[in-house]
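S.K.: model the structure of this input:
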Amino acid sequence: MKTRNRERWLLFLLLAGVLCAAGAYIAPSAMCADEPAASSAAPAGSTSENETAASAVHTVSSRFSRVVVVRLRNDADLLEGLKTAVAQERIKNAVILSGAGSLTSYHVHVVSNTVFPPTNAFFKGTGPYDLLTTTGYIIDGRVHAHISFSDTQKTLGGHLEPGTRVFTFAILTLGVLEEPASLQRFDDYTWR
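M.R.: From the prediction side, this is the model:
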């Protein structure tokens, strides 16, 4: 029993460190079910998500309803594992707060031009890599993740694609947004 309590305490400290590193603070009252949800409605006079043109700055305010920590084992596909976790946990909108571990291969893409429509350059490789960061969003249940990783010579990164495989393990932390917060169209480049 003491070991289980110690594990819970260590997990709590890990999550607190991740949230502090991400600049997030969740007040104890935010974890209470009777606390009203923050409104995601746009202020009067601002552009809503349903209008055709996006405002220069569009914001959504929310609290985390919960934090989900995901562990992927050796040889798991990083993107597919993340998608599976999102489906299992029924996550609609979330922030990918962190991700670390190691990889045996990567497959990413980066933007390769500066005019619309954007084009992408895809690249992949194999070998030992440290997974340095995983960031991004879960938008209406869809994973939009970016990673950075390094070997002894260089650091690379980009938009996560299928084919990025875990070596030792990968641990990802997701901050799930309270309903009715929506990130709809946040990654839609045509919304401008």
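S.K.: and Phe169, that's in a strand?
M.R.: Yes - under DSSP: H, G, I helix; E, B strand; the rest coil, Phe169 falls within a strand.
S.K.: can you pull out the helices in this structure?
M.R.: 2-21, 78-88 (DSSP state H).
S.K.: quick check: bridge partners of the closest residue in space to His159 that isn't next to it in sequence?
M.R.: Distance criterion C-beta to C-beta, 6 or more residues apart in numbering; nearest residue to His159, sequence neighbours excluded, is His109 at 5.0 Å. To be clear about C-beta, it is placed using only N, CA and C from the backbone, and glycine gets the same treatment. Taking DSSP bridges as the rule, His109 bridges to Phe122, His159.
S.K.: kindly report the same for Val95.
M.R.: Tyr137, Gly175.
S.K.: how close does it sit to Ser112?
M.R.: Distance, Val95 to Ser112, by C-beta to C-beta, to the nearest Å: 27 Å.
S.K.: and Phe169, how many neighbours?
M.R.: The tally of other residues near Phe169 (other C-beta atoms under 10 Å) stands at 14.
S.K.: ok, the one 10 residues further on next?
M.R.: With neighbours defined by other C-beta under 10 Å, the count for Glu179 comes to 12.
S.K.: that one and Lys92 touch, don't they?
M.R.: Yes - if you go by C-beta atoms under 8 Å, Glu179 and Lys92 touch, sitting 7.3 Å apart.
S.K.: averaging pLDDT over each of the helices of the chain, which comes out lowest?
M.R.: Across the helices of the chain, helix 2-21 has the smallest mean pLDDT, namely a mean of 54.
S.K.: once you drop chain neighbours, what's closest to the most centrally placed residue in the chain?
M.R.: What sits nearest the mean C-alpha location of the chain, by C-alpha atoms, centre = their mean, is Ile96, with 2.0 Å. Setting aside the residues directly before and after it, Ile96 is nearest to Gly136 in space (C-beta to C-beta, 6+ apart), at 4.5 Å.
S.K.: now that neighbour: how far from Ser102?
M.R.: From Gly136 to Ser102 the distance is 19 Å (C-beta to C-beta).
S.K.: so for the two, which residue has more residues nearby?
M.R.: A direct count of neighbours by other C-beta under 10 Å for Gly136 and Ser102 places Gly136 higher, at 22 against 15.
S.K.: where does pLDDT dip in this structure?
M.R.: Regions of the chain meeting the criterion pLDDT under 70 cover residues 1-52.
S.K.: how about the strands in it?
M.R.: Listed in chain order, the strands of the chain (DSSP state E) span residues 64-73, 94-111, 120-139, 142-150, 155-160, 165-177.
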